[in-house]
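K.L.:
Attaching a predicted model along with its sequence, questions to come.
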Amino acid sequence: MKIGIAGGGAFGTALAAALALDGHDIQLWARHAEAASDMQNTRSNPKLPGVDLPQNISISGELEPLFICDTILLAIPAQTLPAFLTEHLAHLDGKNLVACCKGIDLKRMTGPASTIRDIVPGAVPAMLTGPSFAADIARGLPTALTLGCADDEMGAMLQTALSTTSLRIYRTTDTVGAELGGALKNVMAIASGIAIGAKLGESARAALITRGFPEMQRLALALGAQPETLSGLSGFGDLVLTCTSDQSRNYRYGLAIGTGSDFDQNTTVEGAATARAVRQLASELDIDMPICTVVADLTENKTDVATALNTLLSRPLKEE
C-alpha cells in the first residue's frame with residue numbers, strides 16, 4: 001500500500017520513517033518546495049537530527065503525487081486543517097483521511113476527525129492520536145497509539161496498515177473521545193509547564209494532572225465521548241506524557257509563561273487555541289473547567305500567573 005502524508009514537519013516525517021521502514025512506499029508532501037527538495041536530496045529533516053529517511057519515502061512540494069494515494073495522513077496543524085480540506089475537497093473526496101493533529105478548531109468548535117467529516121463528507125475520517133513524540137517514532141522506539149474510526153471495518157484495515165514492528169495501534173469507533181483526549185491534554189500540558197516554570201513544585205503539577213483529567217472527561221462526555229476512551233492512550237496516556245516532558249511543545253510553552261520568558265512564535269502550540277475553544281464550549285454547556293479557563297486567560301494575557309493561582313486555590317472546598 002502506498003500511503004500519503006500531508007505535512008513535512010517533525011511528526012509527519014517521523015510517521016513516514018516508521019512506516020517506510022516497515023516496507024510501505026510513502027509519499028510525503030511538505031508545504032515549502034525548497035524544504036521538500038532538501039529533504040529529498042539529503043534524506044534528512046532538520047527537525048529530526050540523526051534520522052536517515054529511507055529511500056522508499058518520496059518527498060515533494062507538489063500535491064499531485066499525494067492525491068494519488070487512497071490513504072492520506074494529515075499531519076498539519078488543527079487550526080489550518082479546515083482550509084486545507086476546503087481548498088482540496090475535490091481531490092480528497094473518497095479517500096481515507098487520518099488526522100494526526102490534536103486540537104479543537106476555533107471557528108467550528110470541532111476536533112480534527114469531526115472537521116474532516118463535515119468538510120469532506122465523501123471521505124472516511126479517522127483520528128490517530130496517543131502518547132508519542134516524533135523523535136521516538138522516527139527512531140523506532142516502541143510507541144502505542146489509538147486509531148479512532150467510526151467505520152469499524154475500515155478502522156481495522158487502517159489499524160493493520162499503520163501498525164509496524166515499533167508502532168502498535170489500538171482501535172476504537174469513538175472518534176469523538178479520541179480527538180478530544182488528544183486535544184484537551186495539550187491544555188493540561190501548558191498548565192503543568194506553568195506550574196514548573198513558576199516554581200510551584202512537583203506536587204502542584206501532580207495536582208494539576210489529577211484534577212485536570214476530570215475536566216477532560218466532563219467536556220468529552222458532554223460532547224458524546226465514551227469514558228473508557230479518555231482513560232486510554234488518547235486521553236490519560238497522552239496526558240501523562242505531555243505533562244511531564246520538555247519534549248512537549250505545549251509543556252515548554254507553559255514553562256515560558258511560568259518563567260516569564262519569550263517563546264518562539266513560529267512553534268505550533270495547539271493547546272493555546274484549544275484552551276480558548278474549551279473556555280467557550282464550557283461556557284455554552286455550563287461545564288466547570290477552571291484549569292482550562294485560567295490557561296486560556298493566560299495565553300491571551302488576560303491574567304497573570306499569581307492571579308490565576310489565587311483563582312484556583314480560592315475555589316470552594318469540596319469532596320473529591
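P.N.:
Yep, that arrived.
K.L.:
can you pull the buried residues of the helix or strand harbouring L239?
P.N.:
Counting by DSSP states H and E, the element that carries L239 is helix 238-242. Within helix 238-242, the residues scored as buried using 16 or more other C-beta atoms under 10 Å are D238, L239, L241, T242. The way it works is simple: take the backbone N, C-alpha and C, and place the C-beta from them, glycine included.
K.L.:
how about those residues in TSV, adding pLDDT and distance to C69?
P.N.:
Shown next, in TSV, are the buried residues of helix 238-242 (pLDDT from 0 to 100; distance: C-beta to C-beta, whole Å):
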residue	pLDDT	distance to C69
D238	97	27
L239	97	32
L241	97	29
T242	97	29
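K.L.:
Can you lay out the residues you listed as CSV showing distance to V51?
P.N.:
Output for the buried residues of helix 238-242, formatted as CSV (distance: C-beta to C-beta, whole Å):
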residue, distance to V51
D238, 22
L239, 27
L241, 20
T242, 21
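K.L.:
Out of those residues, flag the one nearest to G111.
P.N.:
The shortest gap between G111 and any of the buried residues of helix 238-242 belongs to D238, at 13.6 Å (C-beta to C-beta).
K.L.:
Quick check: that closest one touching L128?
P.N.:
No. With contacts counted by C-beta atoms under 8 Å, D238 stays clear of L128, the gap being 11.8 Å.
K.L.:
circling back: show me which of the buried residues of helix 238-242 is closest to V98.
P.N.:
Distances from the buried residues of helix 238-242 to V98 were compared by C-beta to C-beta; the smallest belongs to D238, at 16.6 Å.
K.L.:
and the closest one, what does it touch?
P.N.:
The contact partners of D238, by C-beta atoms under 8 Å, 6 or more residues apart in numbering, come to K102, T129, G130, P131, S132, G181, G182, K185.
K.L.:
who's in contact with the nearest residue in space to the first one that is not next to it in sequence?
P.N.:
Spelled out, that is K102. Leaving aside its sequence neighbours, K102 sits nearest to G182 (C-beta to C-beta, 6 or more residues apart in numbering; 3.7 Å). Shown in contact with G182 (C-beta under 8 Å, 6+ apart): K102, G111, M127, T129, G130, S234, D238.
K.L.:
next one: A204
P.N.:
Going by C-beta under 8 Å, 6+ apart, A204 touches A195.
K.L.:
mind checking pLDDT for it?
P.N.:
With respect to pLDDT, A204 scores 94.
K.L.:
one step back: how far does the helix holding L239 sit from its chain's centre?
P.N.:
11 Å (C-alpha atoms, centre = their mean, to the nearest Å).
K.L.:
what do you get for stretch 245-254?
P.N.:
With C-alpha atoms, centre = their mean as the basis, the mean position of stretch 245-254 lies at 13 Å from the chain mean.
K.L.:
Need the CA coordinates for the next helix or strand after the helix holding L239. PDB is fine.
P.N.:
Of the helices and strands lying after helix 238-242 in sequence (DSSP H and E), the nearest is helix 249-259. This file holds the C-alpha atoms of helix 249-259, laid out as PDB (Å, rounded to 0.1, in the frame of the first residue of the first chain):
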ATOM      1  CA  ARG A 249       5.800  22.000  22.800                       C
ATOM      2  CA  ASN A 250       2.800  22.700  24.900                       C
ATOM      3  CA  TYR A 251       4.700  21.900  28.100                       C
ATOM      4  CA  ARG A 252       7.600  24.200  27.000                       C
ATOM      5  CA  TYR A 253       5.100  26.900  26.200                       C
ATOM      6  CA  GLY A 254       3.700  26.700  29.700                       C
ATOM      7  CA  LEU A 255       7.300  26.800  31.100                       C
ATOM      8  CA  ALA A 256       7.800  30.100  29.200                       C
ATOM      9  CA  ILE A 257       4.600  31.500  30.700                       C
ATOM     10  CA  GLY A 258       5.600  30.400  34.200                       C
ATOM     11  CA  THR A 259       9.100  31.900  34.000                       C
END
